[in-house]
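[1] below: sequence and its predicted model.
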Amino acid sequence: MSEHVDNSNFIEQIIDSQIKEKSLEIHTRFPPEPNGFLHIGHAKAFWLNYEIALKYNGKFNLRFDDTNPEKESDVFVKAIIEDIKWLGVNFDNPKNNIFFASDYFDKFYVWALELINKGLAYVDESSPEELKEQRGTPTKAGTNSKYRNRSINENLELLKKMNSGEMRESSAVLRAKIDMSHPNLSMRDPIMYRIKKIPHHRAGNKWNIYPMYDFAHGYEDLIEGISHSLCSLEFENNRPLYNWFLENIETYNRPQQIEFARLNLSYTFMSKRLLKNLIDTNIVDNWDDPRMPTIAALRKRGYTPHSIRRFCKEIGVAKSNSLVDIEFFDYIQREEFNQSAHREMVVIDPIKLVIENYPDDKQEDFYVENIPGNESAGKHKVVFTKELYIERDDFMEQPPKKYFRLSIGKEVRLKYAYYVTCTSIEKDSVGNIIQINCTYDPETRGGDSKDKRKVKGTIHWLSLKSALDIEVRHYEHLFLKENPADISEDENLMDYINTNSMMSYKEAKANPGIIERAKNTISFQFLRKGYYKYDENDDLFHRTLKLKDSWKKIENPK
RNA sequence: UGGGGUGUAGCCAAGUGGUAAGGCAGCGGGUUUUGAUCCCGCCAUGCAAAGGUUCGAAUCCUUUCACCCCAGCCA
């Protein structure tokens, strides 16, 4: 496996130049809102933050940005913690911690009072419609609210009433007093608090007002001592506001916000809303359905934390919007599995092969290398008999050119066993092939001929006598469009969902003992078929990904 | 038509005034008892475009173009 040289990214370069000037304790955080499961896009953001903490021997916080009780729940908190641990964070290490923004609600309130007392915040009783009207547009300046110049005491009094429950939702908000004609819309007197009479998953019924992101986030960073607050590009517009809140309270330390491009992957999308929609419409089973781009799904499907980390590292971090080819992710994962996955001969879609000249009751043992070229990984036994299973698509009645597998009159190698030549086939009443007959060459025992006669194809097989029935599931892209961003606004993303993205093979055949052997390997490579993960809960095998296959391209030339 | 960003190969991406890294994909060849792996070779006279500065420009200046983000009491 080639571990490539890692160039430091632009954020690390910024940090490097800062620590050259003065010593700095590096402290990063990954701040998901617990309103859904983490997906591969979150993994990029997480690893960016965590790698920096590791690189500079700093600290890392997993922080739940739970400032909106409407969509958040404890279920998601638990799932996110599990995912982050699985990705590789050990929270027993004191450098890694878990925090909740909701634990800071008291402090936010104190800072809100401070801003009111400085004449920098006011309670606005305009309606949502009036607020929208006041904001103006990108090209038109906003207008001041008639409540903008209330007295400090009146503001203090009203904020207290907002939180006491005496005021109904949407009847008032607390706003920062900045500049209604600012060219940056996020600076036009943004809302700090809104009334929501909803219990919070941690704070319970204590609050009737909840802080908005822009008001809260910098303070969360400040409280935790974050040095670099890394977020995605769409928050560039919010940075002046992030700084404004920090600059207008008494503090010494100021975290620095730096933005980077979020991850987009071809043939998938990261919108939590859309993912949830797939679950609600039963297109997928749940957040951890193996077709989902969530961390829980990747785990279930068989992707590894090591490969997810390496993928996040290899794609780099920059400020330009990009669409990473999902193929690259699979390439990274294959590179790991090729070194570590134990091989098995498994027939996914079986058809019977009978060796006419092989004795009826004869049985021979052959041995499959667990990892080719790696003696220490050992071998496992397979038995060979007259009646075998092979893969249905390893025979073709009308083979195209360059088809290396079986057809009438053609010779192939049964891996590890013998050369066989197809003599005839048998069909049922409707014309389906139900059996393939062939003869074997006893001189080719072990799969090598004494006369050095070459055979183009080598196929895998299983003895009918000992085959174990297993279920195997194959997956395709959930999404039909390479780039979800290409879909226009008046189209529905759901129209591009691949509703046949899962194929179940319930009569796949495996060698006995495979379930036991699953304990010895992180994942299997089923020869010529791909990498598979055994799922103990459902007693089946998920195909994580296919092997690279140049034959497919010959078969279906563009 | 306002503000904030970004443009280097099919896809990522390095490069920070000294003459275009690397990876993926692709193509050609070799090895191979997995059409896998592995190995070798090819793949930007060119850096969104046009001008300019300079001995020298992807890097500096000017103009233009394209794309992304912002008008939630979401984050």
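    Yes, it's here. In this text, all values refer to a predicted model and were calculated from it rather than measured experimentally. Numbering: from 1, shown residues only, chains lettered A, B, ... in the order given.
[2] let me see the backbone angles for the closest residue to RNA strand B within chain A.
    With C-beta to the nearest atom of the strand as the measure, residue A:447 is the residue of chain A nearest to RNA strand B, at 2.2 Å. For glycine as for every other residue, the C-beta is placed from the backbone atoms N, C-alpha and C. Torsion angles at residue A:447 (phi, psi; degrees, to the nearest 10) stand at phi 90, psi 20.
[3] and it, what does it touch?
    A:413-419, A:458 (C-beta atoms under 8 Å, 6 or more residues apart in numbering).
[4] is the residue nearest to residue A:311 when sequence neighbours are not counted in a helix, a strand, or coil?
    With sequence-adjacent residues excluded and distances taken as C-beta to C-beta, 6 or more residues apart in numbering, residue A:311 is closest to residue A:332, at 4.6 Å. For residue A:332, the assignment made with DSSP: H, G, I helix; E, B strand; the rest coil gives helix.
[5] show me where the stretch 101-250 of chain A has its helices.
    A:105-117, A:128-135, A:152-164, A:213-224, A:239-247 (DSSP state H, counting those that start in this stretch).
[6] do the stretch 251-400 of chain A as well
    With DSSP H, counting those that start in this stretch as the definition, the stretch 251-400 of chain A shows helices at residue ranges A:272-280, A:295-301, A:305-314, A:326-340.
[7] in TSV, list these along with mean pLDDT, distance to residue A:161 and mean neighbour count.
    Listed next are those as TSV, based on pLDDT from 0 to 100; distance: least, C-beta to C-beta, whole Å; neighbours: other C-beta atoms under 10 Å:
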stretch	mean pLDDT	distance to residue A:161	mean neighbour count
helix A:272-280	93	34	16
helix A:295-301	98	43	23
helix A:305-314	98	47	19
helix A:326-340	98	53	18
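[8] nearest to residue A:94, of those?
    Ranking these by proximity to residue A:94 (C-beta to C-beta) places helix A:305-314 first, at 21.8 Å.
[9] by contact count, what packs against the closest one?
    helix A:40-55, helix A:74-87, helix A:326-340 (3 or more C-beta pairs under 8 Å, 6 or more residues apart in numbering; DSSP states H and E).
[10] can we see that at 6 Å?
    In terms of contacts (3 or more C-beta pairs under 6 Å, 6 or more residues apart in numbering; DSSP states H and E), helix A:305-314 is packed against helix A:40-55, helix A:326-340.
[11] got the angle between that helix and helix A:326-340?
    140 degrees (axes from the mean of the first three to the mean of the last three C-alpha atoms, to 10 degrees).
[12] which residues are contacting helix A:305-314?
    The contact list for helix A:305-314, computed with C-beta atoms under 6 Å, 6 or more residues apart in numbering, reads A:43-44, A:47, A:87-88, A:329, A:332-333, A:336.
[13] closest to residue A:125 among those residues?
    After measuring these against residue A:125 - C-beta to C-beta - the closest member comes out as residue A:44, at 42.4 Å.
[14] quick check, that closest one in contact with residue A:264.
    No: Residue A:44 is beyond contact range of residue A:264, at 10.0 Å (criterion: C-beta atoms under 6 Å).
[15] higher neighbour count, those two?
    Comparing residue A:44 with residue A:264 by neighbour count (other C-beta atoms under 10 Å), the higher total belongs to residue A:44, at 26 against 17.
[16] any idea how far the closest residue in space to the more buried one that isn't next to it in sequence is from residue A:297?
    Nearest non-adjacent residue to residue A:44, counting by C-beta to C-beta, 6+ apart: residue A:263, 4.2 Å away. Distance check for residue A:263 against residue A:297: by C-beta to C-beta, to the nearest Å, it reads 16 Å.
[17] model confidence score at residue A:556, please.
    Looking at residue A:556, its pLDDT is 57.
[18] quick one on the thing from earlier: wait, the residue nearest to residue A:44 touches residue A:41, no?
    Yes: assessed by C-beta under 6 Å, residue A:263 is found in contact with residue A:41 at 4.5 Å.
[19] the more surrounded of those two?
    residue A:263 (23 against 20).
[20] for that one, phi and psi?
    For residue A:263, the backbone dihedrals (degrees, to the nearest 10) come out as phi -80, psi 130.
[21] could you check how far it is from residue A:324?
    6 Å.
[22] again with residue A:164
    On the measure of C-beta to C-beta, residue A:164 and residue A:324 end up 50 Å apart.
[23] those two: which is more packed in?
    Just comparing residue A:164 and residue A:324: by other C-beta under 10 Å the higher neighbour count belongs to residue A:324, 17 against 10.
[24] list the contacts for that one?
    A:265, A:315.
[25] beta partners for it?
    Note on residue A:324: beta-bridge partners residue A:265, judged by DSSP bridges.
[26] residues contacting residue A:464?
    Contacts of residue A:464 by C-beta under 6 Å, 6+ apart are A:387-389.
[27] dihedrals phi and psi, it?
    When read as degrees, to the nearest 10, the backbone of residue A:464 gives phi -60, psi -30.
[28] what's the local residue count around residue A:183?
    When neighbours are defined as other C-beta under 10 Å, residue A:183 has 10 of them.
[29] sorry, that was for residue A:423
    Neighbours around residue A:423, by other C-beta under 10 Å: 15.
[30] before we move on, what about the one 3 residues further on?
    By the criterion of other C-beta under 10 Å, residue A:426 has 12 neighbours.
[31] how about residue A:381?
    12.
[32] how about the contacts made by it?
    A:365, A:367.
[33] quick one: residues in contact with stretch A:7-21.
    Residues outside stretch A:7-21 that contact it (C-beta under 6 Å, 6+ apart): A:24, A:258, A:317.
[34] try it again at 10 Å.
    Outside stretch A:7-21, the residues that touch it by C-beta atoms under 10 Å, 6 or more residues apart in numbering are A:6, A:24-26, A:28, A:48-49, A:51-52, A:55-56, A:58, A:227-228, A:230, A:256, A:258-260, A:313, A:316-319.
[35] any idea how far the closest residue to residue A:257 other than its chain neighbours lies from residue A:254?
    Using C-beta to C-beta, 6+ apart and skipping residues adjacent in sequence, the residue nearest residue A:257 is residue A:229, 4.6 Å away. Using C-beta to C-beta, residue A:229 is found at 10 Å from residue A:254.
[36] overlap in contacts of the two?
    Joint contacts of residue A:229 and residue A:254 (C-beta under 10 Å, 6+ apart) are A:218, A:221-222, A:242.
[37] which of the helices of the stretch 101-250 of chain A is buried the deepest?
    With neighbours defined as mean count of other C-beta atoms under 10 Å, these peak in mean count at helix A:213-224, which reaches a mean of 23.
[38] that helix vs helix A:239-247, what angle?
    Relative orientation of helix A:213-224 and helix A:239-247, computed by the same axes, to 10 degrees: 50 degrees.
[39] helix A:213-224 versus helix A:105-117: what angle between them?
    Using the same axes, to 10 degrees: helix A:213-224 against helix A:105-117 is 120 degrees.
[40] CA atoms of helix A:213-224 as PDB?
    Written as PDB, here are the backbone C-alpha positions of helix A:213-224 (Å, rounded to 0.1, in the frame of the first residue of the first chain):
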ATOM      1  CA  TYR A 213     -26.400  30.000  15.500                       C
ATOM      2  CA  ASP A 214     -24.500  33.200  14.900                       C
ATOM      3  CA  PHE A 215     -25.000  34.500  18.400                       C
ATOM      4  CA  ALA A 216     -24.100  31.300  20.000                       C
ATOM      5  CA  HIS A 217     -21.300  29.700  18.000                       C
ATOM      6  CA  GLY A 218     -18.400  32.100  18.600                       C
ATOM      7  CA  TYR A 219     -19.300  32.000  22.300                       C
ATOM      8  CA  GLU A 220     -19.300  28.200  22.300                       C
ATOM      9  CA  ASP A 221     -15.800  28.300  20.800                       C
ATOM     10  CA  LEU A 222     -14.700  31.000  23.300                       C
ATOM     11  CA  ILE A 223     -16.000  29.000  26.300                       C
ATOM     12  CA  GLU A 224     -14.200  25.900  25.200                       C
END
